[in-house]
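Trainee: what's the 3D shape of this:
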Amino acid sequence: MLLPISARLSARQAIRPSSSKSLSFGRSLTLRSSSTAAAATASSATNNNANNNNFSIKLPTVAALVGASLLTGYCVGSVHTEQITEIQKDRALPKGERGCCSCDEEGSKEEATKLTDAQTQLSTKLQKIVGTSHVHDGLHESSSTGKFLKGARLGYGKALCIVQPGTLEQAIKCLQAIVDAGCVVVPQGSNTGLTGGSVPRNDTEDTRPSVVLSMKRLDAHFPIDDGKRVVCLAGVGISTLASSISNWFPDRESHSILGSTFLNPTTAAGVAFGSGGTLMRKGPARTDRALYCKVSRNKWGENTVEVVNTLGIEGLQDSDFQEHSGENPVQKLDVYANDVRQGYRRTMAKSSKTGLQIKASDTDYQEKVCQYTKDVSRHNSDTTGEDCNRSEGKVLILATVHDTFQAPSKKRMFWVSFPDMETTAAFRREVCLDNPADLPISCEYLDRDSVDIIDRSGRIATYLIRYLGTGDIMGYLWNVKSAIGELPFSWAPLFCDKFLHVFNNWVPEAIPSKFLNKGREYDHNCMVAVGEFGDGTLKRFMERMDAFIKKYNDKALADDVSEGGKMITYVEAESQADITALNAFRFVAALAFKTYVVGEDLQGISVDYGLPKNYEGVPPLADSAVKPLKRMRYSHFGCNVIHEDIAYALGVDTHTEHMAFKHAVEVEGGKLPAEHGHGTEYRAPQDTQKRWMNMDPLNVLNPGIGGLSYLPKYGQK
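Mentor: Numbering: from 1, shown residues only. Modelled structure (predicted):
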């Protein structure tokens, strides 16, 4: 269903504080603003963690240590500027980021190219749409603009401007103005992407200026269908959403409650990448119910922004509006979202009959993940579903509908350690993936190098998440870390990681020793969370796990374990504090690795990939490969999606090693990337590229991703 923007939107219609016409009939619900709800939940989570925690370290101690590290680092860094500059030279950090960014020394294409009158006037035009305070100069980096221009690990560029719309209608008008001015659009959420696809790129053959279209202000969200589903505007953070759902409906959960929630990436980004998958019963982020924009050109040569509406909500379907009536779904959703944001009581909306037939999550995933075949469970080049899915910025997502999920009535978590990879894989096959109905909540794998590196360089980050939760405070600290890295000193990019590493061992171990000692002793470990969902799932899983461990250990005893073998062992988390600590420990792995290679004066690469579901080994390094100093493997074990961080000594050609390792994964039947997106780092398969080109035939949205051309119309005449 396509709505030509020129025909559907009226610039004279303002957002009303309320609507006289309800979206649908249903029970009423008073919703606090998202920021209030999230703050309340974050506060509650912090208090609960503090009360339950049995470690002696307190929040003021952590804060003091962090502050001391920053102060000491500033002093030492100022003294040793020349030494740190030499260390940074030609040093590859995870995902290809380099210690010093050469972009500052080179003029951007926006500065080098003569702008047209329309491009010169674009900032003024955008200011009239969104307000002066929400348009920023992207040609001159500052503390307020750096977070939009530099990727979390990879990518840096300058933009003609940065615009932050506050309503859906503003976002559409901004998109129209940008493409009419002959510029390209870089859609952006929280800018936590790891492969360079969410920031401008200047070192390209394309001369069109870039404009960053930040959707983060569009953060309204509200439940529909009595809480079975939720509507999210494009800027809603997954941590914020998780907090809101927990407050509104304690027996329900949002899709993403583990993983990178502490960075609060947006729900729209999750759909655009197809990321997630930690939670085995839910699958990766996916919905076919969305409101999004595509750009094309009509027969008169005019740029046309079209709004695709598959939300499937009563009162918001295209058929609910008469042509030339002056109203459309975009404006009406803006009204409803504005009311929710301000705390007004509105009748809860509900899905239309058509909407109930459209997927709002990957409903086939439980069956698919248990099929022990050579296929990969999930990967970023999947071409199925509505265009918003795995679009990587080739459409502009405005809003999405997502299923919520039943929360377990009871939950248990175990640290299970295995003597070898063969036994670990058998546990996955025979216990975790026995049948779709009895899947565990999650099964996360850590090898010994992962345990060692997280413990050596991730303690402070683990404690911060344990005490502060995964909401706005952690997001603020992440922004502070990024801002420090942008300071005009040669030592600034490595500063925080260097001193987090130095002060790491000043704080106690971040997880209880009963878990950590097993991780240090065994090469293969799994953190398994199991829940009861009202049908005996927990009991059946425990019976399978106990039988598997008994079968293996009895055999080990019969074969004389004293000859050097080990038994399977497991330790249960005895409290919510234990569970919180284990989850935080696992999900700071990527942060800890970067801190480790910086702190140890090494360099490293990071790769995420999916292996065939029936693959039970470890992709071998080529005989010609340089032997790494550390090979850190941690994974979403149930779906066989692996994150691998590999550390090398300075001087190693990490690009060559990176390409060789990617090839090794593909030889084993794996697919790259699995969940971080192609961005500018990975070349997408031909069918994926063709799909993106059909979405964006003019190549004005996020040009260059996945190995595509940067040129207008992909260089085609």
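Trainee: Next, count neighbours for L311.
Mentor: Look at L311: counted by other C-beta atoms under 10 Å, it has 28 neighbours. Every C-beta, even on glycine, is put in place using the N, C-alpha and C of the backbone.
Trainee: Provide a list of residues in contact with it.
Mentor: With contact taken as C-beta atoms under 8 Å, 6 or more residues apart in numbering, L311 is in contact with 231, 289-291, 317, 329, 333, 355, 399, 401.
Trainee: now S254
Mentor: The contact partners of S254, taken as C-beta under 8 Å, 6+ apart, are 230, 238, 241-242, 244-245, 402, 404-405.
Trainee: The same query, at a cut-off of 6 Å, please.
Mentor: Contacts for S254 (C-beta atoms under 6 Å, 6 or more residues apart in numbering) come out as 241-242, 245, 404.
Trainee: Name the nearest of those residues relative to E169.
Mentor: L241 (22.7 Å; C-beta to C-beta).
Trainee: From I257, how far off is that closest one?
Mentor: As judged by C-beta to C-beta, to the nearest Å, L241 and I257 stand 9 Å apart.
Trainee: who's more crowded, the two?
Mentor: Between L241 and I257, counted using other C-beta under 10 Å, the more crowded position is L241 (27 against 23).
Trainee: Look up phi and psi at the most centrally placed residue in the chain.
Mentor: Centroid-nearest residue in the chain: P265, 5.1 Å away (criterion: C-alpha atoms, centre = their mean). The phi and psi values for P265, taken as degrees, to the nearest 10, are phi -60, psi 160.
Trainee: doesn't S190 make contact with it?
Mentor: Yes - with contact defined as C-beta atoms under 6 Å, P265 and S190 form a contacting pair (4.9 Å).
Trainee: right, and the helix or strand after the helix or strand containing R456?
Mentor: Using DSSP states H and E, R456 sits within helix 448-457. Going down the chain from helix 448-457, the next helix or strand is helix 459-468, by DSSP H and E.
Trainee: Show me what that following helix is packed up against.
Mentor: Applying 3 or more C-beta pairs under 6 Å, 6 or more residues apart in numbering; DSSP states H and E, one finds that helix 459-468 contacts helix 576-587.
Trainee: Now do the helix it packs on: which elements does it pack against?
Mentor: Looks like helix 576-587 contacts helix 34-52, helix 459-468 (3+ C-beta pairs under 6 Å, 6+ apart).
Trainee: Out of the ones you listed, which gets the lowest mean score?
Mentor: Ranked on mean pLDDT, the bottom entry among the helices and strands packed on helix 576-587 is helix 34-52, at a mean of 37.
Trainee: who touches the residue nearest to the centre of the chain in this structure?
Mentor: By C-beta under 6 Å, 6+ apart, P265 lies in contact with 190, 192, 238.
Trainee: Select from these every entry located in helices.
Mentor: I238 (DSSP state H).
Trainee: would CSV of the contacts of P265 with neighbour count and pLDDT be doable?
Mentor: Shown next, in CSV, are the contacts of P265 (neighbours: other C-beta atoms under 10 Å; pLDDT from 0 to 100):
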residue, neighbour count, pLDDT
S190, 24, 86
T192, 19, 80
I238, 27, 89
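Trainee: Could you provide the contacts of P265 in a markdown table, with additional columns for distance to D387?
Mentor: As requested, these are exported to a markdown table (distance: C-beta to C-beta, whole Å):
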| residue | distance to D387 |
| --- | --- |
| S190 | 22 |
| T192 | 23 |
| I238 | 21 |
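Trainee: ok now do T120, which residues does it touch?
Mentor: By C-beta under 6 Å, 6+ apart, T120 has no neighbours at all.
Trainee: Kindly report the same for Y336.
Mentor: Taking C-beta under 6 Å, 6+ apart as the definition, Y336 has no contacts.
Trainee: Alpha carbons of whichever strand or helix holds it, as PDB, please.
Mentor: Element membership for Y336, per DSSP H and E: helix 329-341. Taking Å, rounded to 0.1, in the frame of the first residue of the first chain, the C-alpha atoms of helix 329-341 are listed here in PDB:
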ATOM      1  CA  PRO A 329      -2.200   7.300   8.700                       C
ATOM      2  CA  VAL A 330       1.100   9.200   9.300                       C
ATOM      3  CA  GLN A 331      -0.600  12.200  10.800                       C
ATOM      4  CA  LYS A 332      -3.000  10.100  12.800                       C
ATOM      5  CA  LEU A 333      -0.200   8.000  14.200                       C
ATOM      6  CA  ASP A 334       1.700  11.200  15.100                       C
ATOM      7  CA  VAL A 335      -1.300  12.400  17.000                       C
ATOM      8  CA  TYR A 336      -1.700   9.200  19.000                       C
ATOM      9  CA  ALA A 337       2.100   9.000  19.700                       C
ATOM     10  CA  ASN A 338       2.200  12.600  20.800                       C
ATOM     11  CA  ASP A 339      -0.700  11.900  23.200                       C
ATOM     12  CA  VAL A 340       1.100   8.800  24.600                       C
ATOM     13  CA  ARG A 341       4.300  10.800  25.000                       C
END
